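# Need coordinates for the below:
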Amino acid sequence: MLLKNRLDFAQLYREEKRRIGRPAKTPQQWDKRAHKLRDQPLASPYATELISHIDFTGARTLLDVGCGAGNIAIQVAQRLDAVYGLDYSPVMLDVLMHHARTAGLANVHPVNASWDDDWDDVPVCDLVVASRSTLVEDMGDALQRLHRHARQRVYITYPASGFFAPSRDAGAAQGQGSGAPDYMFILNILRQQGVFPTLQYIQTPHHSAPSQGNSPDAGSVRWALIAWDVAPA
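Predicted coordinates:
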């Protein structure tokens with residue numbers, strides 16, 4: 001019997017997420033943080049690296065899930081006919097549109113929704129990006145949502161090392177400093193959903209990354225960049 005038929009990786013992810021116990025941030029928490037991002041630059045080594053991996057060939061529209069202030073959406077908007085920034089924080093979406101107006105962009109559109117909403121009104125786009133926004137309770141459902149809303153390709157980033165410390169309750173049980181289910185869950189869930197993903201890494205410096213001694217990740221953040229093509233219906 002094949003391994004993928006014996007293990008339900010989506011269920012294993014849900015169990016691991018509950019065990020770790022990291023609480024999800026509320027829209028109100030992100031609303032408070034959004035005000036601080038209004039006048040900060042959108043460009044960063046991380047954003048530049050992620051955008052460099054996106055294949056825009058034949059793409060005219062993009063959905064940025066968990067767009068925040070627009071670090072990705074605003075910087076790619078000039079390449080596309082329309083960009084939709086989805087976030088569950090209304091104030092973050094206000095900041096997104098502030099950056100769009102400042103950049104003279106008329107093709108950026110806000111979508112106020114969360115991972116738990118039905119997404120019936122969320123547009124299907126050529127490209128879907130979920131940048132650092134996939135610490136969800138149900139990864140299987142989240143990946144299916146992203147897949148259904150893409151015509152061509154999906155790109156997500158997820159912590160691989162060097163950023164999320166475990167919650168106080170879960171640290172001893174985990175014995176490691178991840179604070180999130182391992183990104184390998186995502187690869188296995190996608191395979192069980194019939195998708196063949198690719199895996200690359202984005203590593204950037206971060207002043208708040210936990211110390212890891214002489215580890216190659218010391219003082220830096222490593223993100224797993226997982227992408228896949230969407231087969232024509």
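# residues contacting R151?
V124, C125, D126, V230 (Cβ atoms under 8 Å, 6 or more residues apart in numbering). Placement of C-beta: from N, CA and C, glycine included.
# actually R38, not the one I typed
R38 touches A69, V95, H98, counting by Cβ under 8 Å, 6+ apart.
# and with 6 Å instead?
By Cβ atoms under 6 Å, 6 or more residues apart in numbering, R38 lies in contact with V95, H98.
# Next one: it from C67, what distance?
The spacing between R38 and C67, counted by Cβ to Cβ, to the nearest Å, is 15 Å.
# G104 now?
Taking Cβ to Cβ as the measure, G104 falls 18 Å from C67.
# Quick check on these two: which one has the bigger neighbour count.
Set side by side, G104 and C67 show more neighbours around C67, with 28 against 7, by other Cβ atoms under 10 Å.
# Check the contact between the more buried one and D87; I expect there is one.
Yes. At 5.1 Å, C67 counts as touching D87 under the criterion of Cβ atoms under 6 Å.
# Just the buried subset of the contacts of R151, written out for ChimeraX, thanks.
A single ChimeraX command selects the buried members of the contacts of R151 (16 or more other Cβ atoms under 10 Å):
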select :125,126,230
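# In helices, which of the contacts of R151 fall?
Among these, none falls in helices (DSSP state H).
# Just name the closest of the contacts of R151 to I186, please.
Lowest distance from I186 to the contacts of R151 (Cβ to Cβ) belongs to V230, with 16.1 Å.
# isn't that closest one right up against A150?
Yes. Using Cβ under 6 Å, V230 is in contact with A150, at 4.7 Å.
# Contacts only, for the residue nearest to V65 when sequence neighbours are not counted.
Nearest residue to V65, sequence neighbours excluded (Cβ to Cβ, 6 or more residues apart in numbering): A130, at 4.2 Å. By Cβ under 6 Å, 6+ apart, the residues touching A130 are V65, G66, I156.
# what about the spatially closest residue to Q78 that is not a sequence neighbour, how many residues close to it?
Among residues not flanking Q78 along the chain, L105 sits closest, at 7.3 Å (Cβ to Cβ, 6+ apart). By the measure other Cβ under 10 Å, the count of residues near L105 is 16.
# Specify the local secondary structure of L105.
Under DSSP: H, G, I helix; E, B strand; the rest coil, L105 falls in the coil class.
# What does the pLDDT read for G219?
For G219, the model assigns a pLDDT of 64.
# meant to ask about P166
For P166, pLDDT reads 46.
# do the same with K17
pLDDT, K17: 94.
# Could you report the distance from it to T61?
Taken as Cβ to Cβ, the span from K17 to T61 is 31 Å.
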